[in-house]
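> dropping the sequence and predicted coords here.
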Amino acid sequence: MLGTERTPRVVAARKLLRRAGREKAGRFLVEGAQAVREAVTGEVRVHELFATPLAVERNADIVGIAEGQGIPVTTVSDRVAEILSDTVTPQGLVAVCDLIDVPVAEALAGAPGLVAVLAGVSEPGNAGTVLRAADAAGADAVLLAGDSVDPHNGKAVRASTGSVFHLPVARDRDTPRLLAACRDAGLTLLAADGHGELDLHSPEAAEVLGGRVAWIFGGEAHGVPETVLEAADHRMRVPLYGRAESLNLAAAAAVCLYASAAHRRSRITDRA
């Protein structure tokens, strides 16, 4: 029998589409083959898997992994897949997982060398894409400060393509406290700012980039808040060599994070 909209577990899962529901239950929804694969093969606790008959057929390996771990797999109708998704074209595969964020102190434990901080980033797609870039660049953690989006938002999770499960993610609405924690962890605060005093490609920036840093990125429209800029150790700009007015947040974050990764790796190689 297929699970329907009235099945109690489906009703409970649907509440996780909202932030309040996620925080109350301590769980969130993960949709799509790549993200669900990362969930069932990772360390996060997966409570249940919902899948349409077609999704079960297309993702037999993922379903098999889930069943092998004793994770309940509920076959549902296309209609249920639609109401458990916030996309126009649901993929028919949804996992219910425990929230993945950890305390800031835990995320910053162990002398991190590269951290991404999102300050007031409200667009979930941007947050997820930056998280993916941070993961790819080898960052040790991603921190969300102030009124940033919930990293468990469905669009943010999809945009991260599973990276949300690969590195520590922490939140704190108190931005000064979060920045102080970064400093206490030995990190230099670098604010990405189009008018920054340091050019990312300048010799002066190289020494800073090769150290332990926390990159701070702001929202797409207004950038890093002024109070956060004032708290940073350096404001760093990405040089624009063409005629583009600016880079979007995701592109700028990837450039900055990879610049730090490259300088850090170069320094390690030189020491070797």
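That came through, no problem. Numbering: from 1, shown residues only.
> CA only for contacts and neighbour counts going forward, please
Noted.
> mind checking how far the longest helix seen in the chain is from the chain centre?
Counting by DSSP state H, the longest helix found in the chain is helix 249-271. Between the centre of helix 249-271 and the centre of its chain there are 18 Å (Cα atoms, centre = their mean, to the nearest Å).
> which positions within it qualify as buried?
Using 16 or more other Cα atoms under 10 Å as the test for burial, helix 249-271 gives 249-250, 252-261, 263-264.
> go on, stretch 230-239?
Ala232, His234, Arg235, Met236, Arg237, Val238.
> give me the nearest residue to the last one, chain neighbours excluded.
This means Val238. Leu200 (5.4 Å; Cα to Cα, 6 or more residues apart in numbering).
> isn't the one you found right up against Pro239?
Yes. If you go by Cα atoms under 8 Å, Leu200 and Pro239 touch, sitting 6.8 Å apart.
> give me the element Val80 is part of.
Using DSSP states H and E, the secondary-structure element containing Val80 is helix 78-83.
> tell me the contacts of the residue lying closest to Thr89 once chain neighbours are set aside?
Residue nearest to Thr89 in three dimensions, not counting chain neighbours: Glu82, with 7.9 Å by Cα to Cα, 6+ apart. Glu82 sits next to Thr89, Pro90, Gly92 when contact means Cα atoms under 8 Å, 6 or more residues apart in numbering.
> hang on, Val94 in a helix?
No. Assignment of Val94 by DSSP: H, G, I helix; E, B strand; the rest coil gives strand, placing it outside any helix.
> pull the number of nearby residues for it.
26 (other Cα atoms under 10 Å).
> ok so, going back, name the member of the contacts of Glu82 with the most neighbours.
Gly92 (25 neighbours).
> my guess is it meets Leu49, correct?
No. The criterion here is Cα under 8 Å, and Gly92 misses it with Leu49 at 10.3 Å.
> which regions of this structure lie under the pLDDT threshold?
1-2, 267-272 (pLDDT under 70).
> go again using 50 as the cut-off
Scanning the chain for pLDDT under 50 picks out 272.
> and the strands in it, which stretches?
Under the criterion DSSP state E, the chain contains strands at 27-31, 46-51, 73-75, 93-98, 114-119, 141-145, 169-172, 188-192, 198-199, 213-217, 234-237.
> columns distance to Arg58 on top of those, output as JSON lines?
Formatted as JSON lines, these follow (distance: least, Cα to Cα, whole Å):
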{"stretch": "strand 27-31", "distance to Arg58": "14"}
{"stretch": "strand 46-51", "distance to Arg58": "10"}
{"stretch": "strand 73-75", "distance to Arg58": "13"}
{"stretch": "strand 93-98", "distance to Arg58": "10"}
{"stretch": "strand 114-119", "distance to Arg58": "35"}
{"stretch": "strand 141-145", "distance to Arg58": "32"}
{"stretch": "strand 169-172", "distance to Arg58": "31"}
{"stretch": "strand 188-192", "distance to Arg58": "42"}
{"stretch": "strand 198-199", "distance to Arg58": "48"}
{"stretch": "strand 213-217", "distance to Arg58": "38"}
{"stretch": "strand 234-237", "distance to Arg58": "45"}
